[in-house]
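Novice: Here is my input; please provide its structure:
(one chain, ligands or ions: 1)
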Amino acid sequence: MFNLVLFGPPGSGKGTQSEQIVKTYQLQHIATGDLLRDEVSRQTALGVEAKKYMDQGMLVPDEVVIGMISSKIDEMPDARGFVFDGFPRTRTQAEALDKLLEFKNTQIHLVLSLEVPEEDLIARLVNRGITSGRSDDNQEVITARIKEYNLKTEPVARYYNEHGKLERIAGHHPVPETFKLLTKHINKYLLPIA
Ligand code: B4P
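Specialist: Here you go, the predicted structure:
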């Protein structure tokens, strides 16, 4: 089994690159943002609670997200591995993920951090806001999300660096070039299937 965390600020391309990685290496994609938006659109109790935070650009509470991830992993016992996209976003989430995987006799093998200048992040997200209809893709909420990232999520990179698992990748290039940079690191662990 091979488990990858795709890390980076809002709009750094985690979702975009994850889609190609899971196809190329036949891994399972777990994106907390997508899971939460699905709960919101189905108006579940979890979704109603999560929406309050997401609409303000705040992180959803750890216990909500960790519970969601745990049941998602359990749904796919035969997976070749997982790409965690947008998770973990706090040190508490990172420690919980390590415990969950240890319980399943596996671990996080590699963390790829997409590094993109802040002005590019804002431009990408404002642009996506025009077409996506996402309630968190407007200037005010984007600024809050980047602030929340710098405060609570950036320290997660330190956590993985201390464990010798972090690689920083320039993510300001066009999508195919960034993908090539990511695959150079993944190929050390796993060969492409597709
Ligand atoms: P997410 O859904 O994870 O979204 P994101 O960080 O905004 O986007 P991502 O980095 O995936 O960017 P994308 O590829 O889409 O989070 C949304 C919210 O959910 C959070 O604010 C939080 O409230 C909540 N949440 C999620 N996970 C949580 C957790 N673990 N704990 C607590 N709360 C959580 O790319 C963005 C845009 O850029 C797209 O339009 C794309 O086309 C474009 N783009 C991508 N790569 C590009 C490139 N190389 N060049 C030009 N444009 C590019």
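
Novice: residue of this protein with the smallest distance to the ligand?
Specialist: G33 (1.8 Å; Cβ to the nearest ligand atom). C-beta coordinates here come from the backbone N, C-alpha and C atoms, glycine included.

Novice: tell me the contacts of that residue?
Specialist: 15, 85-86 (Cβ atoms under 8 Å, 6 or more residues apart in numbering).

Novice: just to confirm, which helix or strand has it in it?
Specialist: Element membership of G33 [criterion: DSSP states H and E] is helix 32-41.

Novice: So for that helix, what gets flagged as buried?
Specialist: Of the residues in helix 32-41, those buried under the neighbour-count criterion (16 or more other Cβ atoms under 10 Å) are 32-33, 35-37, 39-40.

Novice: Save those residues as TSV, and put in pLDDT too.
Specialist: Formatted as TSV, these follow (pLDDT from 0 to 100):
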residue	pLDDT
T32	97
G33	96
L35	96
L36	96
R37	96
E39	95
V40	96
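
Novice: Measure how buried K99 is and give me the count.
Specialist: Neighbouring residues of K99 were enumerated by other Cβ atoms under 10 Å; the total is 10.

Novice: Need the per-residue pLDDT for it.
Specialist: K99 carries a pLDDT score of 97 in this model.

Novice: how close does it sit to K23?
Specialist: Spatial separation of K99 from K23 under the definition Cβ to Cβ, to the nearest Å is 29 Å.

Novice: immediately after the helix holding G33, which helix or strand?
Specialist: Using DSSP H and E, the next helix or strand after helix 32-41 towards the C-terminus is helix 45-54.

Novice: next one: phi and psi at the most centrally placed residue in the chain?
Specialist: Per Cα atoms, centre = their mean, the C-alpha nearest to the average position across the chain is that of G86, at 1.8 Å. Per-residue torsions, G86: phi 80, psi 10 (degrees, to the nearest 10).

Novice: do the same with P192
Specialist: When quoted as degrees, to the nearest 10, the phi and psi of P192 stand at phi -60, psi 150.

Novice: you'd agree V22 is up against H29?
Specialist: Yes. Applying Cβ atoms under 8 Å as the test, V22 and H29 come out as touching, 4.4 Å apart.

Novice: More neighbours: these two, which one.
Specialist: Relative neighbour count places V22 above the other of V22 and H29, with 21 against 16, counting by other Cβ under 10 Å.

Novice: how far does the helix ranked longest in the chain sit from the chain's center?
Specialist: Of all the elements of type helix in the chain, the one with the most residues (DSSP state H) is helix 118-132. With Cα atoms, centre = their mean, to the nearest Å as the basis, helix 118-132 stands 17 Å off its chain's centre.
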